[in-house]
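> Sequence and predicted structure are below.
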Amino acid sequence: MANNEWEIHKDEIELLYIQQNKKLSELTEHMSSKGFSKTKGQYERQFAKWGFRKNSTLGRKIDGEWVGWRVDKRKRLEGKDSELVVDDGAVWPAPKLRKMLQGKVFVSTYNRLSRAGEPSPPTPEGLQVRTPRSPSSQRLFDPFPASTRFLWSQSLPWLRFCTLMQPELEQESALLAPTGQPSWALGIGLQSNAVKAKVMQLLGWIVPWKNLPHPLDTDIDSRISATLSVLMPEQFDEQHQQLSMNPIYLELYILSNNLQLHDTTRRSEATIRSRDERVIEMFRSLGRHKMKQFTNLLPRKEPTIEAIAEKLFASAVRLSDVPIVKMLLEARMDPDRLIEIYNSRVRPLAWAAHIEGDKSLKVMEALLSHGASVNKIYQREPTISAAIRGNNANGIRLLLDHGSIVPLHCLAEAARKVNLEVFKELLGSCANLLGLYKESQGTVNYRHHRYFETKISFKGYTTILGGAAKSGRLEIINLILTTCPTIIHPQSVGTLEGYLSPLTLAIEMKQTHCIEPLILAGVDMEVADDQVTLLEYALMVHNLEATQILLKHGARINRPLAKCKFRSSALHWAILYDHDEAIEELGQAPVIDHAQLIAQFIALGARLNDEYESTPGAVLGAAIQMGDLRIIRMLLDAGATVLGSKLEIIGSKEAAEYLNYRGVLQKVLQTGGTKILSSAMFRRDLDLARWLLQPELLDAATESNEIDYPDLMNAAAASGDAFLIESILNFGPRVTDAWLTQALYYIENEKCPTLGLRRLLEDFHGNAPTAVAFTGFIDRTDLLQLMLAAGVSPLGVPTMPEYGWRRRDPDYPDNPRIGIRVGIYMPQSALELVVEGDSKSCLKILIESYTWSPALIGRALALAIYLGRKGLIEDLYRLDLDANAEGSVCTSTLPLYTEEEISEEEMGTFTSLQAAASKQDISLVQRLINDKQADVNYPATGARSRTALQYAVERGNKELVRLLLDNDANVNAPPAHYAGATALQLAAIKGYLSLAQYLIRIGAKVNAPGAERKGRTALEGAAQNGRIDMVQLLLEAGTSIRDDGGGLQCRRAIALANDHGHNAVANLIKLHHPDWDERSDWEVSDGSDAVTAGDKDVRITEVRECPRSLQETSDATRSDEWERFIDWSPLNIC
């Protein structure tokens, strides 16, 4: 705790004691005036811990001669004093710097004159000489001139609220003034710097502090005020500077405008709960009488009060605070309004229903007593599904007592969750027990071989018996069979595609104990055999016990003969059964040997020579692929002859030798060609690969197949074996860049020796940009130097290999399957991959050894800035570069492959200036504009891209905004095509009120359209994010909400506000549209279906009560009627 107390004041102490050279007595006096009282000895001990030395000298790494020369030149030619900034954040003020250089660095008159015409020597890395800031800039930074200070409209919801709350107004409003300083109060104007430091941390989620230009040389009060000047309107001039606000007002403003005091990128139960507790504590600190007075103000429909109340209501519901929930409901709060949970929204009743406990039950009772709808649907889910998921027995009974319907899919969920007695009650309330519901398990990858996987999609319709089988609870299965025995023969199965039998679900979920009871009850096994038979399912999930049960009860092994090829067969899956994978999945060895199972299949008449769509295409080919001699022998002895057209693997050398002995190998090689040899080398089965290089075997492989030289050479390079590489080179292929890259890839990720690479380099001549790029990406200077010494040129455009760029993750050095993927999209030079790998040594070698075009240097610099490669920026900046060259990155977390097209939402582009603006590097932005002629208005071209000004506004950095505007930045630059935004739209979305006001003043268009895809207008963005004061500002600034497109914008904004739980914002917009038709209130669906400006697939769903007629339908079509009811209703609003 003591250390934390010191750390809070470290920046200010360093500024006063080290940079401003204050005496220790002056420092202690100043800090004591701020409530931080420590003795001289305590300060000296802490200085020792921090390494603060008053009379220190320039470090050895600092070039004193250069510093002296630079300081002298600035003073002589420009008349400027200088201070030195070191890359570790230390600042040497002018007086201290002069004293330190005195007598140590002397610049003679001769040197001055003789070097007068020479350019300044290059700036050493990590040093900057600059003009000292003025005291006023250290106190508070405000980049906007006095002429732009705003006279705020008194109709802003916040200012109306402040006026209403003034004690000299109505007596009931006066009672709301807080009686004390609760622990949640955000410390503005308080004496405790510890509280202020916490405020800075919290406000940093709104305006990121770590990138602000002067984090160390301004005091805490000034930094807080600087942030507030971005966010809040002022009631009177210099209110923020005087810090005279009541701290409760700051919390209320943040609450009313939905500004998040936590990291919204890591939203979790803990962060939301912390915010809720702070809100509730704030409200309770007012006292019971004042809380009552607050709720009495709700009928006034004051926007800020309404916004605060809805946030308070949401917090109270989430925390199950019964008194506050009741108080707000009695004040006519809508019990069905949406509340936020993590990254979604729910009805209050649904949230309370999913929590088991007395408090949540009382919240449910309060909501229901005030008219909450039991059967209102949101996101396809009725309220009772939440109670079922939470296993809230009392909540379920309460909802049933209030007439809740029970859809089949909810009953199926209950089969897994609730106890038998509750399930009986739900079963009795379901009017459609014989119906079907949609079951979707998604796509499952079944790994049936160490190199192959098969994707099976479990989607379709099933009965409630299927849901019970999925749960594995025999007591539920027996109850359902007793209640409705005819359910074992669903009448509408024949008219459906994708019916999922209870047996299928039991096998898929590994509920083996349920299989035999279902069969004995009469569930038809043949009906269950659809695209994949029951036996195939059982083998796919490595369940040999289930396979035996199915065989015992007569499950069919062979499909009926047909003209078309089937995907696979039970025997095919049995052969591909991987014993090691089964142990890994099941956690124990299977009880039955799968070779015995195959013998059993053969004895039962399994067909051996069918051809299938799945690799390798036949059962004998599958056995050869697995390399199991027992099974190969068994199949050959039983008469198997068909290999399959997709056979490309022989599983082992022993298998190959046995096939040769049986006279089958020649046919295998003729079928698979050189792919057989390639697969052995790729798998690094070197014994098999060398054995297959026998001339007569090579002749057989190439007799009827063309030699795939690239595939062979890539495989040889991957093996890292010099003998294999030499053998393949004897065929005559020319070594390529791709083969070198393949060898490097396996050296890095599979720890192959470098002998193979060295052999490849002996026969290589020309450019290999991909291989060179990869050495930089993995930061292997030794491999780079090896290639350059062999005459390899790095020039040219790298090609992304089919396996994707990857280097070993340092956290998992011994696991080649876990790696760091490349993020750069379509690199144009090796330099870009070197930047991605952050290899300073490789970059230095390449820029010193070869000449690169300005465009390529510019792309590399843009990427270095964007990726935060600080050690590389200056190395690139010194070169001749095009500052307007674009770098590109892929924002997807998936690996990149050349054969896959990158969707536009996965690709972002930026110039060096845009990247610097996004990082808030003001110094670099200024240098790029002045030194490199960077285009301030270069358009935002990639997904989620921004112009430099748009980045500055998005970061809330007023100084950067002013710098760019002073350099003629276009305030109305159009947004990027995908998820872009104009400067004003970004200010509106973020809630930066004063920035938005300033942008409007200088001509920002309030009605500018949003991005063509995934875009928002300024009004829509503000409404969606709950920025109620921003909405009022935009409406007063001329935002159109009626005809000529304005009506559409109004409709969108209201829909977005309502769907995100900001009803007060929606009501405020309606107040500006007096002829608004309440019947046009709609909700916007979540996720990809959310309303976006310009989208052609906008989908909106109306909130409707479920018709009771659906409860009375008893036939199998009721499920489809339910699905049609809850499905989205398309509304053509584009």
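It's in. Residues are numbered from 1 along each chain as shown.
> mind giving me the domain split of this structure?
2-139, 150-333 (automatic domain parsing).
> mean pLDDT lowest for which of those domains?
For these, the weakest mean pLDDT is recorded on domain 2-139, namely a mean of 66.
> helices and strands of the chain: which one has the lowest mean pLDDT?
Lowest on mean pLDDT, DSSP states H and E among the helices and strands of the chain sits strand 1100-1101, with a mean of 32.
> I'd guessed residue 756 sits against residue 717; true?
Yes: between residue 756 and residue 717 there is a contact under CB atoms under 8 Å: 6.3 Å. All C-beta atoms are positioned from the backbone trio N, CA, C, and that covers glycine.
> Give me the common contacts of these two.
Residues touching both residue 756 and residue 717 by CB atoms under 8 Å, 6 or more residues apart in numbering: 725, 743.
> When these two are compared, which one has more neighbours?
Between residue 756 and residue 717, residue 717 has the larger neighbour count (other CB atoms under 10 Å), namely 30 against 25.
> how far away is the more buried one from residue 794?
Using CB to CB, to the nearest Å, one gets 19 Å for the distance from residue 717 to residue 794.
> now swap in residue 682 and tell me
Distance from residue 682 to residue 794, counting by CB to CB: 27 Å.
> more crowded one of those two?
Neighbour totals were compared for residue 682 and residue 794, and residue 794 leads with 27 against 20 (other CB under 10 Å).
> What residues does the more buried one make contact with?
Shown in contact with residue 794 (CB under 8 Å, 6+ apart): 767-769, 772-773, 788, 829-830, 846, 849-850.
> Need the phi and psi values for it.
Phi and psi for residue 794, reported as degrees, to the nearest 10, are phi -90, psi 0.
> count of neighbours near the residue lying closest to it once chain neighbours are set aside?
Closest residue to residue 794 apart from its sequence neighbours, by CB to CB, 6 or more residues apart in numbering: residue 772 at 3.9 Å. Using other CB under 10 Å, residue 772 has 33 neighbouring residues.
> pretty sure residue 772 is touching residue 792, no?
Yes: if you go by CB under 8 Å, residue 772 and residue 792 touch, sitting 6.6 Å apart.
> what are the ranges of the strands in the protein?
Remark: strands assigned in the chain by DSSP state E are 83-86, 91-92, 127-130, 339-341, 344-346, 437-449, 452-462, 806-808, 819-821, 887-890, 907-910, 1083-1084, 1100-1101.
> Roughly how far does the residue nearest to residue 794 sit from residue 749?
From residue 772 over to residue 749 the distance is 18 Å, taken as CB to CB.
> Also residue 1027?
From residue 1027 across to residue 749, the span is 48 Å (CB to CB).
> Return the residues in contact with residue 306.
Contacts for residue 306 (CB under 8 Å, 6+ apart) come out as 298, 1063-1064, 1067.
> same check, this time on residue 774
By CB under 8 Å, 6+ apart, residue 774 lies in contact with 741, 744-745, 748, 805, 833.
> average model confidence for stretch 640-650?
Mean predicted confidence for stretch 640-650 is 92.
> heads up, I number from 356, so please use that
New numbering, starting at 356: the last item is stretch 995-1005.
> Buried residues, it. List them.
By 16 or more other CB atoms under 10 Å, the buried positions in stretch 995-1005 come out as 995, 998-999, 1001-1005.
> again, but for stretch 978-987
Going by neighbour count (16+ other CB under 10 Å), the buried part of stretch 978-987 is 978-983, 986-987.
> No further queries at this time; thank you.
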